[in-house]
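> my questions concern the predicted model and sequence given below.
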Amino acid sequence: MIEKIPQGWRSSTIEECCNILDAQRIPLNSEERAIRQGDYPYYGANGIQGYIDDFIFEGDAILVAEDGGNFDQYEDRPIAQWVTGKYWVNNHAHILRAKENNLDKWIYYSLVHKNILNFINGGTRAKLNQSDLREIDVLLPPLPEQKKIASILTSVEEVIETTQKQIDKLRDLKKATMNELLTKGVGHTEFKESKLGRIPKSWSTTKLDECTMFIRDGTHGTHVRYNKGIPLLSAKNITASGKLFWDEEDSFISEADYNQIHSRYTIEEDDVLLTVVGTLGRVAVVSKDNDKFAVQRSVAIIRTDREQLIPGFCFQNFRGYDFQKQLVIRSNSTAQAGVYLGELGKIELSIPPLPEQKEIASILTCIDKNLETKKEKLSQTQFLKKSLMQGLLTGKVRVKVN
């Protein structure tokens, strides 16, 4: 039950404020859908299951999972879907439309991250029966206020959608540009065959251990762990985008243990870190802005010979298809994948002259920075949406209606 109702609002139930159109649903099995492929989306509990040649619904509606929904993850994943246009719905999603004097979008926003666990029946597959769906409580402001709040949230969702599309395009651009630059370079017209395939004539190929000062892994020792101190990082502390991170939940060691490790596993600015146990192939370059830290054996420390290989190009090269493929080939086949340092050193690299390395690294780094800016914007907008929903949908934050 809703304990506190904002002034001017009222408490209702799905049965009172919505029409339930479940009787119009028609399920199709996979064989039927295979021979009826078309342009109309076929919806199930958590999204589009495919596209078929006909539709049974048209216009705006809210779908709420009947079974197999994200009910226990409602805070982070949707339990309802907004649908519009022409579409087909199977029998794994309830279909709702707001009754007169209520707004479909308001019902959707009220349900999409709502805790309805008290209405869910247990068993091997969590289920929301229609009888229980009807009893779910919903707060209803006056219709003008519903429209205003829905408009605000829709605007924020549009920014999120646009930003996500921009991120997807940048990822595609980065992948295509990386493949082009790491195999064909910048402006070359003459090429030659090599161990790694066709490369520019001015490039060379070499093994990793022939263009580095050293390749080492992190500490193999057992150290007393603390809640604070010097971070002891593992493969999980390197992100897919090449960032180092740690927080209060990570492992820390004493200054004395750090000094002991540091004397054997020196880490300096511009060293390249590569994950070699568990999650293979994540890469980072140590920045002057990084606080001091140590690494475990799941991370290799690679110091390049700067007269042959600059760290920025090494970072981008390691993230490329050819290097990642060789890394997997040279990994062991145990339960936890890993690459021995000797095998790592045998990986072949195609190396441009230093000026071209810098140019390639600069181009790809520029795309990376643009991508990180967009991802940060997305994260901030998603946080804003969550905050707005918590305030606007409960009436804790009121809007003025003209």
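Received the coordinates, thanks.
> burial of the spatially closest residue to residue 81 that is not a sequence neighbour, as a residue count?
Distances taken as CB to CB, 6 or more residues apart in numbering place residue 63 nearest to residue 81, at 4.2 Å, with adjacent residues excluded. Where you see a C-beta, it was placed from the backbone N, CA and C, and this is true even at glycine. The number of residues packed near residue 63 is 27, by other CB atoms under 10 Å.
> residue 63 belongs to a helix?
No. According to DSSP: H, G, I helix; E, B strand; the rest coil, residue 63 belongs to no helix; its state is strand.
> contacts only, for it.
Residue 63 sits next to 43, 80, 81, 83, 89, 93, 94, 95, 96 when contact means CB atoms under 8 Å, 6 or more residues apart in numbering.
> what residues does residue 250 make contact with?
231, 232, 233, 237.
> and what of residue 74?
So residue 74 contacts 113, 114, 115, 116, 117 (CB under 8 Å, 6+ apart).
> now the first one: how far from residue 385?
Noted for residue 113: a distance of 10 Å to residue 385, by CB to CB, to the nearest Å.
> for residue 281, same thing?
33 Å.
> more neighbours: the two, which one.
In this view residue 281 and residue 385 are compared by other CB under 10 Å, and residue 281 has more residues nearby, 20 against 17.
> which residues does that one contact?
274, 275, 318, 319, 323, 324, 327, 328.
> mean confidence for the longest helix that the chain contains?
Criterion DSSP state H: the longest helix present in the chain is helix 143-184. Helix 143-184 comes out with an average pLDDT of 96.
> try stretch 46-55
95.
> relative to residue 134, how far out is the spatially closest residue to residue 77 that is not a sequence neighbour?
Setting aside the residues directly before and after it, residue 77 is nearest to residue 70 in space (CB to CB, 6+ apart), at 3.9 Å. Distance of residue 70 to residue 134, given as CB to CB: 21 Å.
> hmm, back to that, and of the contacts of residue 63, the nearest to residue 104?
residue 96 (8.1 Å; CB to CB).
> counting by contacts, list what the helix or strand of the chain with the lowest mean pLDDT packs against.
Lowest on mean pLDDT, DSSP states H and E among the helices and strands of the chain sits helix 255-264, with a mean of 84. If contacts are counted by 3 or more CB pairs under 8 Å, 6 or more residues apart in numbering; DSSP states H and E, helix 255-264 sits against strand 230-233, strand 294-295.
> report the buried residues of it.
Within helix 255-264, the residues scored as buried using 16 or more other CB atoms under 10 Å are 257, 258, 260, 261, 262.
> then stretch 194-213?
Neighbour counts using 16+ other CB under 10 Å place 196, 199, 200, 203, 208, 211, 212 of stretch 194-213 among the buried residues.
> got a list of what the last one touches?
It stands for residue 212. 302, 303, 304, 305, 309, 345.
> phi, psi of it?
phi -130, psi 150 (degrees, to the nearest 10).
> before we move on, the earlier item: and which of the contacts of residue 74 is nearest residue 216?
residue 113 (46.8 Å).
> would you double-check that that closest one falls in a helix?
No. Counting by three-state DSSP, residue 113 falls outside a helix, being coil.
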